[in-house]
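Participant: here's my sequence, what's the structure:
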Amino acid sequence: MTSMGDKVFFVTAAKFGEEELNVSDGTEAGTRTLGAGDIIEDLTPVDTLLFFRRHCSFYEDLWVYKSGNGATWIKQLNPNGLGDKVDNLTPLGNKLYFTADNGNDNGNELFVTDGTSSGTVLVKDNRSGSSDANPNHLAAGDSLLFFAANDGTNGNELWVTNGTSAGTKMVKDLNPGAAGTGITETHCIGNILYFVMDDGVHGKELWTSDGSDAGTFMLKEILVDASGSSPKKLMHIGTILYFVANDSIHGEELWISDGTTNGTQMLIDLNNGPTGSDIGELIQVRDQLFFTANDGINGKELWKTNGTPSTTTLLPEVVSGASSSNPHLLTLYGDTLFFVATHPFYGEELWSLFTNCMRANFTGNEACIGSSIDFSDQSETFGTTISKYQWYFGDGDSTSGAQVQHTYQSAGKFSVELVLEDGLGCSAKTSREITIYSSPKAWFTIDDSIQCAPNNSCTFTDSS
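Facilitator: So this is what the prediction gives:
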């Protein structure tokens, strides 16, 4: 399932092992099937286009859906009729990068598409001839795409591209020789890549690269032996990189990095000793990281952090004490975090947690052009003192205050937004669409405007 604009796209089972691509705007009337066929995977939106893989048996081809045009097969890359083996769909800018096999021409290589047949091309034949370079672990930065590939000489190494053949190169031979490196995770912050790899000496550790030889190096040897600390679950919020690593002393714990060696450190030892805190899912909630962990006292529950030890705190427990509720499938909608957890009385059920310090809300009625509308704050503060109310009316005007008035000078639909602040770093916002109507013009007709008295009769009809 994925969203694009104001619609959600999802896949459901159809008859005889086929699947259907569906779209919904959240209403019954706006939910419909776009088409069925084979297996549909990897729904990937890029601007107004929805790309996906469609495969049956060994056929794996790239399709695109565009509103008004339906879903179409973009291009046959492999002329041998054996399928294109499309994989690793990765958006960058207004294009989609992916790996595919075009048969005897170039083998499995990196391709790019704008959603058209003519705009679907090979980026570069990284391994000359029909042999496969097998690009993998694609990671998109602001304007660069990093990936691992095997050129047949240096083994699986780190590559970078700006989307052109001339701008596609191996970054560095990190493990000289044909063995190559074992890259296992990649993640970009801007055009800086963070990746996990085994260079054959230090084991699996965290590395970084700006796409140049000099700018590619191991950030820190967290575990000094040949196996490495095996960093995983890389994600970032702002400029902070979060990840899980095992230094053998503290077990698997949550680590952070600012891109420097000194700034790469364990965030906090939640479960003292070598057992580790069993870090589970990680999810961004505004400028905070929410995650699941077991501190050895409260079981596996929800935690949050701003990237410092003092802000790393346990959230309200589903199950009090040492037992675990094992929260998982963390999903954020607005300021509400939904998750599945297990309770001894209720079993495994869906739970929710409101994550903000305030719940923004307001009232405001629809009106006609030139009529003053009263907007009134109706927010829940949960004990917080609101220091600032900022209103945006969708027509270029704004103002502040808990209760305000505004007059629209044109008809149409306008998105009104209220932003709240408490002066302590907490903020909340909400928006609502209102309709402004043209002013009505009163008019009527009469079937016979000339009458005799008495006993006259006529009919008046409103024509406003």
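
Participant: make it CA atoms for all contacts and neighbour counts henceforth
Facilitator: Noted.

Participant: low-confidence regions, the stretch 301-450 of the chain specifically.
Facilitator: For the stretch 301-450 of the chain, the stretches flagged by pLDDT under 70 are 449-450.

Participant: what segments of the stretch 51-200 of the chain are strands?
Facilitator: For the stretch 51-200 of the chain, applying DSSP state E, counting those that start in this stretch gives strands covering 59-66, 70-73, 87-92, 95-101, 108-113, 121-124, 136-140, 145-150, 156-161, 169-172, 185-189, 192-198.

Participant: in a markdown table: the ones you listed, plus mean neighbour count.
Facilitator: Formatted as a markdown table, those follow (neighbours: other Cα atoms under 10 Å):
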| stretch | mean neighbour count |
| --- | --- |
| strand 59-66 | 20 |
| strand 70-73 | 15 |
| strand 87-92 | 20 |
| strand 95-101 | 24 |
| strand 108-113 | 24 |
| strand 121-124 | 20 |
| strand 136-140 | 23 |
| strand 145-150 | 26 |
| strand 156-161 | 25 |
| strand 169-172 | 20 |
| strand 185-189 | 22 |
| strand 192-198 | 24 |
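
Participant: go ahead and confirm residue 330 touches residue 339.
Facilitator: Yes - between residue 330 and residue 339 there is a contact at 4.6 Å, judged by Cα atoms under 8 Å.

Participant: quick one, what contacts residue 390?
Facilitator: Residue 390 sits next to 398, 399, 400, 401, 418, 419, 420 when contact means Cα atoms under 8 Å, 6 or more residues apart in numbering.

Participant: typed the wrong thing, it's residue 65
Facilitator: Residue 65 touches 49, 50, 51, 71, 72, counting by Cα under 8 Å, 6+ apart.

Participant: any weak-confidence spans in the stretch 151-300 of the chain?
Facilitator: In the stretch 151-300 of the chain (pLDDT under 70), no residue qualifies.

Participant: and the contacts of stretch 397-406?
Facilitator: Contacts to stretch 397-406, defined as Cα under 8 Å, 6+ apart, come from residues 372, 373, 374, 375, 376, 377, 388, 389, 390, 391, 392, 393.

Participant: let me see the domain layout of this protein.
Facilitator: 2-268, 362-437 (automatic domain parsing).

Participant: can you give me the strands in the stretch 251-400 of the chain?
Facilitator: In the stretch 251-400 of the chain, strands defined by DSSP E, counting those that start in this stretch lie at 252-257, 265-268, 282-285, 288-294, 300-305, 313-314, 328-333, 336-343, 347-354, 362-363, 367-368, 372-377, 388-392, 398-400, listed in chain order.

Participant: quick one: the fourth one to chain centroid distance?
Facilitator: Mean C-alpha position of strand 288-294 versus that of the full chain (Cα atoms, centre = their mean, to the nearest Å) differs by 18 Å.

Participant: do the same with the last one
Facilitator: Per Cα atoms, centre = their mean, the displacement of strand 398-400 from the mean C-alpha position of its chain is 31 Å.

Participant: bridged to the nearest residue to residue 244 once chain neighbours are set aside, which residues?
Facilitator: Nearest residue to residue 244 in three dimensions, chain neighbours excluded: residue 254, at 4.7 Å (Cα to Cα, 6 or more residues apart in numbering). In this entry, residue 254 is beta-bridged to residue 244, residue 268, by DSSP bridges.

Participant: so residue 140 touches residue 92, yeah?
Facilitator: Yes - the criterion here is Cα under 8 Å, and residue 140 meets it with residue 92 at 5.9 Å.

Participant: let me know how buried residue 16 is, in neighbour terms.
Facilitator: Residues contacting residue 16 under the criterion other Cα atoms under 10 Å number 8.

Participant: wait, is it part of a strand?
Facilitator: No - read with DSSP: H, G, I helix; E, B strand; the rest coil, residue 16 is helix and lies in no strand.

Participant: okay, it: pLDDT?
Facilitator: For residue 16, the pLDDT comes out at 72.

Participant: hang on, the earlier thing: the strands of the stretch 51-200 of the chain: which one's closest to residue 411?
Facilitator: Taking Cα to Cα as the criterion, strand 59-66 is the member of the strands of the stretch 51-200 of the chain that comes nearest to residue 411, at 30.4 Å.
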